[in-house]
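Trainee: I'd like to go over a predicted model; first the sequence, then the structure.
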Amino acid sequence: MRFARLWILGSFVAGTLALAQNGAAARPDVQFKNSSDISSPAGYSHAVVVNSGKIVFLSGQVGLDKHGEMVGKDDFHAQVAQVFANLRSALSAAGATPSDLVKLNYYIVGLNHDKLVAIRDVRDQMINKEHPPASTLAGVQTLFREDALIEVEAVAVIP
């Protein structure tokens, strides 16, 4: 049973990360790929191929501070900054750094252009812009609490 779960997880990760064929490698164990058959991505990679390393899955982070208080109850930019600070802390606890990120999933309440700009502004201070992680962004109606405006989950690979 345990082997079957590991095999399924390994197959899922391998299938998810090995989607495209062309692109430049940031380091030998991880390759950031973009397909010439798909529109050029702005700020993310189409696929990330992991050849070796330890995979770290980070739970979705929201704008809660160390004491569990929501930062910037109606301030989207403040919550984004807190989310990325929380991601940095979670990465550090796992022995990883922002340069180890290979996938980001964003869930945004009331997604619009201004919120996208705010995300990119904060995110670009943390990620490798030459080899950005693969990414998914979804507008949602609500998150786990009414005052949460953004949640970001991530996957990192430690060489």
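Mentor: Right, received. Where do you want to start?

Trainee: CA atoms for contacts and neighbours, from now on please.
Mentor: Noted.

Trainee: Show me where the chain dips below the pLDDT cut-off.
Mentor: Filtered on pLDDT under 70, the chain yields the residue ranges 1-28, 41.

Trainee: Contact partners for the spatially most central residue of the chain?
Mentor: Computing the C-alpha centroid of the chain and ranking residues by Cα atoms, centre = their mean puts Leu104 first, at 1.5 Å. By Cα atoms under 8 Å, 6 or more residues apart in numbering, the contact set of Leu104 is Pro133, Ala134, Ser135, Thr136, Val152, Glu153, Ala154, Val155.

Trainee: residue ranges for the helices of the protein, please.
Mentor: Along the chain, the segments classed as helices by DSSP state H run 2-17, 76-93, 113-123.

Trainee: pretty sure Ser40 contacts Lys33?
Mentor: No. Contact between Ser40 and Lys33 fails when scored by Cα atoms under 8 Å: they sit 11.0 Å apart.

Trainee: out of these two, which sits in the more crowded spot?
Mentor: Counted by other Cα atoms under 10 Å, Ser40 and Lys33 do not tie: Lys33 has more neighbours, with 25 against 12.

Trainee: coming back round to it: by neighbour count, which of the contacts of Leu104 wins?
Mentor: Ranking the contacts of Leu104 using other Cα under 10 Å puts Pro133 first, with 28 neighbours.

Trainee: wouldn't that residue be in contact with Val102 here?
Mentor: Yes. Counting by Cα under 8 Å, Val102 is a contact partner of Pro133 at 4.3 Å.

Trainee: so what sits against both of the two?
Mentor: Listed as contacting both Pro133 and Val102 by Cα under 8 Å, 6+ apart are Val48.

Trainee: Quick one: the strands in the chain, in order.
Mentor: Secondary structure of the chain, counting by DSSP state E: strands at 25-27, 30-33, 47-50, 54-61, 101-109, 134-140, 150-158.

Trainee: buried residues in the third one?
Mentor: Just to be clear, that refers to strand 47-50. Using 16 or more other Cα atoms under 10 Å as the test for burial, strand 47-50 gives Ala47, Val48, Val49, Val50.

Trainee: The fourth one too?
Mentor: Across strand 54-61, burial judged by 16+ other Cα under 10 Å covers Ile55, Val56, Phe57, Leu58, Gly60, Gln61.

Trainee: Right, I'll leave it there.
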